[in-house]
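**Student:** the amino acid sequence is not available; the structure is as follows:
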């Protein structure tokens, strides 16, 4: 995280990869009510925002404004979320590939 980075979303995306949207949802909950997240996340977010983790403090905390506060979608258990038609497809690799092979 550089001194010029003021966008928490950018920091979260860089450090949490595929889990970034989950962490952004937690941050949104934390910003609304810090007690609504686990103590370890409270500590992480308070240090991230205040800069007490040795990193520069965030100049602004508007990063999760685009994340809806209600992250949970209502869909039947076991259903797969839909993907946009223009989303690029990727080959399944690693452990997921082995699981698919075993299912076939």
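**Tutor:** Received the coordinates, thanks. Just so it is clear, the structure is predicted and the values come from calculations on it, not from any experiment.
**Student:** and the helix or strand where residue 44 lies, what does it pack against?
**Tutor:** For residue 44, the host element (DSSP states H and E) is helix 39-50. In this structure, helix 39-50 makes packing contacts with helix 8-16, helix 20-32, judged by 3 or more Cβ pairs under 8 Å, 6 or more residues apart in numbering; DSSP states H and E. To be clear about C-beta, it is placed using only N, CA and C from the backbone, and glycine gets the same treatment.
**Student:** quick one, that helix and helix 8-16 angle?
**Tutor:** Orientation note: helix 39-50 sits at an angle of 130 degrees relative to helix 8-16 (axes from the mean of the first three to the mean of the last three Cα atoms, to 10 degrees).
**Student:** average pLDDT across helix 39-50?
**Tutor:** Across helix 39-50, pLDDT averages out at 88.
**Student:** just after that helix, pick out the following helix or strand.
**Tutor:** helix 94-103.
**Student:** residues contacting that next one, please?
**Tutor:** Contacts to helix 94-103, defined as Cβ atoms under 8 Å, 6 or more residues apart in numbering, come from residues 91-92.
**Student:** list the buried residues in that helix.
**Tutor:** For helix 94-103, a neighbour-count test (16 or more other Cβ atoms under 10 Å) marks nothing as buried.
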